[in-house]
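[1] would you be able to build a 3D model of this:
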Amino acid sequence: MTDQPSNAVEHRTESAPHSRPRHLVWGDRLLEGAETLIYLGIALFLTVTAASLVVVAGREVGSLFGDGATNGDAAVKVLDILLLIFIVVELLFAVRTTVVRRELLAEPFLLVGIIASIKEIVVLSVKAADEVGRGGPFDDSIREISVLGGLVLVLGLTAYLLRRKEREPDEGRG
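    The predicted model follows:
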């Protein structure tokens, strides 16, 4: 087996196929091909989604230059769409890594969690500003923003520790 980062779920294609029965080797190759085909389908859908969101964001940018107080709402909507694009692109990166390296990395999913939490914090902050002085709804928004902020810190710390672990030499190696 090859040395893999500790955050990877290794794709198990053992060496020495001649030591395994032929039908197992053939079955493994068939399943690997099906797995790759499915991942490529997912990648295609993520790519189409990202491209569509870029078009939607481009259309929404036009409303930033309109009249009235909706410019702030339009800016939040554009930012919301752009953060969603970042999420989709990070997922696409995870799928690409899985297909190319045959390992599932944790870091892209941690980044998706961080971006999604920040996205919700931005949206909730705008809504909370409209609810100032309303008591319960404002307090609920502030609590939710606090929980999401804590989640961003935890996910960020996890990503930091994961990267730090990857930089350390493997245990047991001389």
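[2] just want the most central residue of this protein.
    When C-alpha atoms, centre = their mean is applied to the chain, the residue found nearest the centroid is V112 (2.7 Å).
[3] that one contacts L92, doesn't it?
    No: with contact defined as C-beta atoms under 8 Å, V112 does not count as touching L92 (10.6 Å). Backbone N, C-alpha and C define where each C-beta goes, glycine included.
[4] what's L40 in contact with, if anything?
    Neighbouring residues of L40 by C-beta atoms under 8 Å, 6 or more residues apart in numbering: V99.
[5] so it: helix, strand or coil?
    helix (DSSP: H, G, I helix; E, B strand; the rest coil).
[6] look at it and report its pLDDT.
    The model reports L40 with a pLDDT of 94.
[7] kindly provide the distance from it to L31.
    For L40, the distance to L31 equals 15 Å [C-beta to C-beta, to the nearest Å].
[8] same question for S19.
    Counting by C-beta to C-beta, the gap from S19 to L31 is 19 Å.
[9] before we move on, what about T158?
    Distance of T158 to L31, given as C-beta to C-beta: 31 Å.
[10] one step back: the residue nearest to the centre of the chain belongs to a strand?
    No: counting by three-state DSSP, V112 is not part of a strand but helix.
[11] surely A50 touches V89?
    Yes: in this structure A50 lies within contact range of V89 using C-beta under 8 Å: 5.8 Å.
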